[in-house]
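# no sequence for this one, just the structure:
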């Protein structure tokens, strides 16, 4: 299958991919809105959204702030252990994790739960 046609079939993801194929990326710690906001102050990061059944959405770097402002109220705090869908508008939320690659741009993955 061509990587550009690949869709998310399960969450949590074990790997990341783009239109060229699987990335050499390592999943790190779970993060929340405050950690992502702090990352945004320090420098660029890549924002990726995963939802079943859809391709990974790679948000262009220059659009990350616009998208972040739209989704941040749906991102679970880092320490959250219990969640109720009805506590979120639209009854969906994201769990965020930090991924690293050989290049220096951190990747923030938002995995949608609904």
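That came in fine, so what should we check first? In this text, all values refer to a predicted model and were calculated from it rather than measured experimentally.

# dump the residue contacts of residue 20.
Contact partners of residue 20, counting by C-beta atoms under 8 Å, 6 or more residues apart in numbering, are residue 3. Yep, even glycine has a C-beta here, placed from its N, CA and C like the rest.

# look up how far residue 10 lies from it.
When C-beta to C-beta, to the nearest Å is applied, the distance between residue 20 and residue 10 equals 22 Å.

# pretty sure residue 4 is in a helix, no?
Yes. With DSSP: H, G, I helix; E, B strand; the rest coil as the criterion, residue 4 is assigned to a helix.

# that one reaches residue 19, doesn't it?
Yes. Contact status for residue 4 versus residue 19: in contact at 4.3 Å, counting by C-beta atoms under 8 Å.

# quick check: longest helix of this protein.
Counting by DSSP state H, the longest helix found in the chain is helix 33-42.

# that one packs against which elements?
Packed against helix 33-42 by the contact rule (3 or more C-beta pairs under 8 Å, 6 or more residues apart in numbering; DSSP states H and E) you find helix 64-71, strand 93-100.

# quick one: the last one to helix 33-42, angle?
In other words, strand 93-100. For the pair strand 93-100 and helix 33-42, the angle between their directions (axes from the mean of the first three to the mean of the last three C-alpha atoms, to 10 degrees) equals 50 degrees.
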